[in-house]
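Student: quick one: sequence plus predicted model below, questions after.
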Amino acid sequence: MTNIKNPFRLALLFIILPSIFVFSLSETFNPKIVNAENKIKILEESVKSEFPQGIRYSLNIDSDKTIEEVIVRFRIGQQTTMVYDYMELENGDTTLANFFWRTNTASRHIPPGTIITYSFEILDSTSEKLTTQQKEFAYEDPSYSWEYVSNGSVTVGYHGPIKRRAKAILDITFRTVERMGPILGSDLSIPIRITIYNNNREMLGALAPGSKSIRSELITEGQAYTTMGTILMQAGGSLALGTASHEVTHILIHRAAEKRARSVPSWLHEGLAEYGNLNSGFSY
């Protein structure tokens, strides 16, 4: 009965108690908040393009314990699977970790301009582990100084005095995506990267390793790497705009088909790519 006579005191008690209880729970179930500092520290981190040979990952790690292993995980473009491997370690005052991923074979070829998403996992002798946040790296051809223009999910990389042509390629690619994406049911938010070379001679070194005789006799106007979301093409000539529109439709078809993409017959793939071509030629 005495508590009822003083309702203000009772109400104040109910206000204070839940706050104390919540604070107690956070202390009990989140002990790492008090000591969040990790004993493993990355002093330097480097991801370097050595195109067309490969990608070099390097870390300089500080730890009061011996570093037992370092794993690098990365995804190539828009591929659905991650690649991982163990880095080579050199222990001293600090630990140097290095790994080189070769791309100079037909099966491992990565076209320039492709985005690599990567992270590291570091484990010391006491099982203390540090996992870094994912970062992105553009696998560029270091032979040239690249500039970029973008619209929506489409980005075009170019070099030299061809900005107007790069913008024209960007424009027709973006319009193709806007038109064909809804028709095919493709996700329009996923990035698409286009790297344009100024002529066939420049572009030859960026293509996948192949027969020299085939390369010398066949001029490749453009090529879509559908699983990576990357297009490689040359800017010169009257076919460039049609090539960009055609090749980006191949990527949209692949994304619409998802896991059944390999089951789409080539005649349908090519037919839809020409249907989506906003600058089709005489053979349309």
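Tutor: Received, thanks. Keep in mind that this is a model prediction, so the values were computed, not measured.
Student: can you pull out the helices in this structure?
Tutor: For the chain, the helices defined by DSSP state H occupy 2-5, 7-29, 163-184, 200-204, 212-217, 240-257, 266-275.
Student: show me what the mean pLDDT comes to for the fourth one.
Tutor: When you say that, I think you mean helix 200-204. Taken as a whole, helix 200-204 has an average pLDDT of 90.
Student: hey, C-alpha coordinates of it in PDB?
Tutor: The C-alpha trace of helix 200-204 is given here as PDB (Å, rounded to 0.1, in the frame of the first residue of the first chain):
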ATOM      1  CA  ASN A 200      44.100  -3.300 -83.200                       C
ATOM      2  CA  ARG A 201      47.900  -3.300 -82.600                       C
ATOM      3  CA  GLU A 202      47.400  -2.000 -79.100                       C
ATOM      4  CA  MET A 203      44.600  -4.500 -78.300                       C
ATOM      5  CA  LEU A 204      46.500  -7.600 -79.500                       C
END
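Student: next, the buried residues of that helix.
Tutor: Glu202, Met203, Leu204 (16 or more other CB atoms under 10 Å). (C-beta placed from N, C-alpha, C; glycine too.)
Student: again, but for the last one
Tutor: Neighbour-count burial for helix 266-275 flags His269, Leu272, Ala273, Glu274 (criterion: 16+ other CB under 10 Å).
Student: could you find the closest non-adjacent residue to the first one?
Tutor: On the basis of CB to CB, 6 or more residues apart in numbering, the spatially nearest residue to His269 that is not a chain neighbour turns out to be Ile253, at 5.9 Å.
Student: return the residues in contact with Asn98.
Tutor: Arg56, Tyr57, Ser58, Leu59, Met87, Glu88, Glu90 (CB atoms under 8 Å, 6 or more residues apart in numbering).
Student: for the closest residue in space to the last one that isn't next to it in sequence, list the residues it contacts.
Tutor: On the basis of CB to CB, 6+ apart, the spatially nearest residue to Glu90 that is not a chain neighbour turns out to be Leu96, at 4.3 Å. Listed by CB under 8 Å, 6+ apart, the contact partners of Leu96 are Ser58, Leu59, Asn60, Ile61, Leu89, Glu90.
Student: tell me, how many residues neighbour the fifth one?
Tutor: Counted with other CB atoms under 10 Å, residues neighbouring Leu89 total 16.
Student: next, the contact list for the closest residue to Glu45 other than its chain neighbours, please.
Tutor: Ranked by CB to CB, 6+ apart and with sequence neighbours excluded, the top spatial neighbour of Glu45 is Leu59, at 5.7 Å. Leu59 makes contacts with Ile42, Glu44, Glu45, Ser46, Val70, Met87, Thr95, Leu96, Ala97, Asn98, Phe120, Ile122, as judged by CB under 8 Å, 6+ apart.
Student: swap in Pro209?
Tutor: Asn104, Thr105, Ala106, His109.
Student: now tabulate those residues in TSV and tack on neighbour count.
Tutor: Converted to TSV, the contacts of Pro209 look like this (neighbours: other CB atoms under 10 Å):
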residue	neighbour count
Asn104	14
Thr105	10
Ala106	8
His109	16
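Student: how about these in TSV, adding distance to Tyr197 and pLDDT?
Tutor: Below are these laid out as TSV (distance: CB to CB, whole Å; pLDDT from 0 to 100):
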residue	distance to Tyr197	pLDDT
Asn104	18	93
Thr105	21	92
Ala106	20	90
His109	16	95
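Student: in the chain, what helix or strand scores lowest on average pLDDT?
Tutor: helix 7-29 (a mean of 37; mean pLDDT, DSSP states H and E).
Student: now, which of the contacts of Asn98 sits nearest Gly160?
Tutor: Lowest distance from Gly160 to these (CB to CB) belongs to Arg56, with 26.6 Å.
Student: show me what contacts the closest one?
Tutor: Ser46, Val47, Lys48, Glu50, Asn98, Phe99, Phe100, Trp101.
Student: got the contact list for the second one?
Tutor: Taking CB under 8 Å, 6+ apart as the criterion, Val47 is in contact with Ile55, Arg56, Tyr57, Ser58, Ile116, Tyr118, Lys135, Phe137.
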